[in-house]
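Enquirer: Here is the input, now give the coordinates:
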Amino acid sequence: MECDFNGGDLLHLAIAGCVLNDVHREAERLGVRVDGVRVAATGDLDRETWRSQGISYQVEVSSSADDEDIERLLQVVDDVAEIPKAFRSGGPVQRT
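Expert: Numbering: from 1, shown residues only. Sure, this is the predicted structure:
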């Protein structure tokens, strides 16, 4: 079986999943009603070095809340989401 899925794709899924989870968590904490969330993460990898060329994500929130509350929620999520934060820090990963 041949597949175009690779570890880099899994990194994109991890970021999208983390953001999705954190939208729900932070919405509850902030008291913002959320009826649904859709997150898409995209990026590219250098196929020689497998180094990430960067990742971007988009979030769609279905909610009766005001646009300002949704924007505040998404900013909080962008600040606290653990996997994007770890990726941005660029820390070492090593086998021991």
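
Enquirer: can we go C-alpha only for contacts and neighbour counts from here?
Expert: Fine.

Enquirer: in the protein, which helix has the most residues?
Expert: When secondary structure is assigned using DSSP state H, the longest helix within the chain turns out to be helix 7-30.

Enquirer: would you list every one of the strands in this structure?
Expert: Along the chain, the segments classed as strands by DSSP state E run 36-45, 52-62.

Enquirer: partner strands of the last one, parallel or antiparallel?
Expert: Sheet pairing of strand 52-62 (DSSP bridges) gives strand 36-45 (antiparallel).

Enquirer: got the CA coordinates for the strand it pairs with in CSV?
Expert: These are the backbone C-alpha positions of strand 36-45, laid out as CSV (Å, rounded to 0.1, in the frame of the first residue of the first chain):
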residue,chain,number,x,y,z
GLY,A,36,-18.9,24.0,16.7
VAL,A,37,-15.2,24.4,15.7
ARG,A,38,-13.3,23.5,12.5
VAL,A,39,-9.5,23.8,12.4
ALA,A,40,-7.3,23.3,9.4
ALA,A,41,-3.5,23.3,9.5
THR,A,42,-1.3,23.5,6.5
GLY,A,43,2.4,23.6,5.9
ASP,A,44,5.2,22.3,3.8
LEU,A,45,8.3,20.3,4.4
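
Enquirer: now what about it, what contacts it?
Expert: Contacting residues not belonging to strand 36-45 are listed as 8, 12-13, 15-17, 19-20, 23, 51-63 [CA atoms under 8 Å, 6 or more residues apart in numbering].

Enquirer: now swap in stretch 68-83 and tell me
Expert: Applying CA under 8 Å, 6+ apart, the set of residues contacting stretch 68-83 from outside is 14-15, 18-19, 22-23, 26-27, 30, 32, 61, 84-85.

Enquirer: Which positions within it qualify as buried?
Expert: In terms of neighbour count (16 or more other CA atoms under 10 Å), stretch 68-83 has its buried residues at Asp69, Ile70, Leu73, Leu74, Val76, Val77, Ala81, Ile83.

Enquirer: Centre of the chain to that stretch, how far?
Expert: Using CA atoms, centre = their mean, to the nearest Å, the mean C-alpha position of stretch 68-83 is found 11 Å from that of the whole chain.
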